[in-house]
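[1] No sequence on hand, only this structure:
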């Protein structure tokens, strides 16, 4: 497993719609392993392929928060939301591509997803609570949508400005670490 670099907003790749995966190959399985390792290392509960610059319809998630409980990593290839509840829930969301920024987002409280697993088999499951929120958040990434797109324009602009500043600071720090020959 390889840890991948997580893109930071605003990066144009985060606003693009991803392409479907043609078939589940060893490269896709390696991508999923890398994504899970990257997600756990970050640490996060979900990660979509475009967040690491791969424009494929793949996301991973594991919403088990109890340190005494076993991890429950899930890999979704070509996911589709086949049903959403009319009931909604509000969660304070964050994003690995928008570090240290959080906002309340309203989403359907339950969703049913259909996807391919790592064996290329079709699976379908209904999610609620944090799992439903995470699945919808990651699914949005595959369609070029970020959680801040649910916010008002002023809040969205403020967060985008903070991310631009963070990217400049990281670039400056990286430049001072590189030896000049």
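    Perfect, I can see it now. What you are looking at is a predicted structure, and each value in this text was computed from that prediction instead of being measured.

[2] Identify the bridge partners of the residue nearest in space to the middle of the chain.
    Centrality entry for the chain: nearest residue to the mean C-alpha point is residue 47, 3.2 Å, by C-alpha atoms, centre = their mean. With DSSP bridges as the criterion, residue 47 is bridged to residue 60.

[3] Next one: it, what pLDDT does it get?
    On pLDDT, residue 47 comes in at 98.

[4] Tell me the buried residues in the helix-or-strand element of the chain with minimal mean pLDDT?
    Ranking every helix and strand in the chain by mean pLDDT, DSSP states H and E puts helix 153-177 at the bottom, with a mean of 90. For helix 153-177, a neighbour-count test (16 or more other C-beta atoms under 10 Å) marks 156, 159-160, 163, 166 as buried. All C-beta atoms are positioned from the backbone trio N, CA, C, and that covers glycine.

[5] same deal with stretch 82-96?
    Buried, per 16+ other C-beta under 10 Å, within stretch 82-96: 89, 91, 93-96.

[6] Run through the helices of this protein in chain order.
    In the chain, the segments counted as helices under DSSP state H are 26-41, 129-142, 153-177.

[7] who wins for proximity to residue 64 among these?
    Among the helices of the chain, the nearest to residue 64 by C-beta to C-beta is helix 129-142 (9.6 Å).

[8] Give me the contact list for that closest one.
    Under the criterion C-beta atoms under 8 Å, 6 or more residues apart in numbering, residues 14, 17-18, 45-51, 57-61, 63, 65, 76, 79, 81, 89, 91, 93, 95, 105, 107-111, 113, 127, 146-147, 149 lie in contact with helix 129-142.
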